[in-house]
Each structure stands twice: as C-alpha cells, then as structure tokens.
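In: Give me the fold of what follows.
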Amino acid sequence: MGKQVGILAWALENLDDDRVNEVLSAAGMDEESNHPDKVDHQRVRNYQAANVLRDDDPGIEEAVSEMVRLSEEADPDTLDAFGKAYQPVLDGMLETLARLGI
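Out: Below is the predicted model:
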C-alpha cells in the first residue's frame, strides 16, 4: 500500500465531515461534486483536506509515514484501515467504468 492510501486512511480516522468542509472551504476548494452521494467522491474530499493540512502540520506526514511502514510490515489493523479506506474508491471507479460500458 502506498502513501496516497495512507493519507486517505489518516483522513478517515482524524477528520469528520465538518472539518473536511471547513478545511476545503478555507483553501478555496469547496466546490461540490457532481455526484456528492458517491462514496468515492466523498473520499476524494477527505484526501484533499488531509493534503491541505499536511502542508502546515509535519505531524500528519509523520503519522502517514508510520501507517505506510506498518502496512509494509503487514500490521493487521493498518491493513484493515487501508482496505476500508480504498475499497470504496475502487468500487466507485468500477461503477463509473461499468456505466460507461468499459
């Protein structure tokens, strides 16, 4: 698992929807998705907010790096968190591809 999944997993564990909206609004990134009910679109917002926060908080980068390290060591809790973070994104992509007939 890579850093992007770690960032997303960190965001899901540490940011609620209100905080995500607050961070993205302050960063001028508060544009709504065309499909706000799709989980993969919601996860993108979590990921974006975490990236905005990482710029100003080195502790987030350290936490994400630790999560990636633990995933590389096959830590079951970390792998579970990573799976829960990215599986809905993959499912959403597959849904979109199916809708496009791909």
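In: low-confidence ranges in the protein?
Out: 1 (pLDDT under 70).
In: By residue count, which helix of it is the longest?
Out: Ranked by residue count and defined by DSSP state H, the top helix of the chain is helix 76-99.
In: what about the residue lying closest to V89 once chain neighbours are set aside, how many neighbours?
Out: Leaving aside its sequence neighbours, V89 sits nearest to D40 (Cβ to Cβ, 6 or more residues apart in numbering; 4.6 Å). Bear in mind the C-beta positions are built from the backbone N, C-alpha and C, glycine included. D40: 19 surrounding residues under other Cβ atoms under 10 Å.
In: To which secondary structure element is D40 assigned?
Out: In the assignment (DSSP states H and E), D40 maps to helix 39-54.
In: cool, and D56?
Out: D56 is part of no helix or strand, with elements assigned from DSSP H and E.
In: what packs against the helix holding D40?
Out: Packing partners of helix 39-54 (3 or more Cβ pairs under 8 Å, 6 or more residues apart in numbering; DSSP states H and E): helix 3-14, helix 17-26, helix 58-72, helix 76-99.
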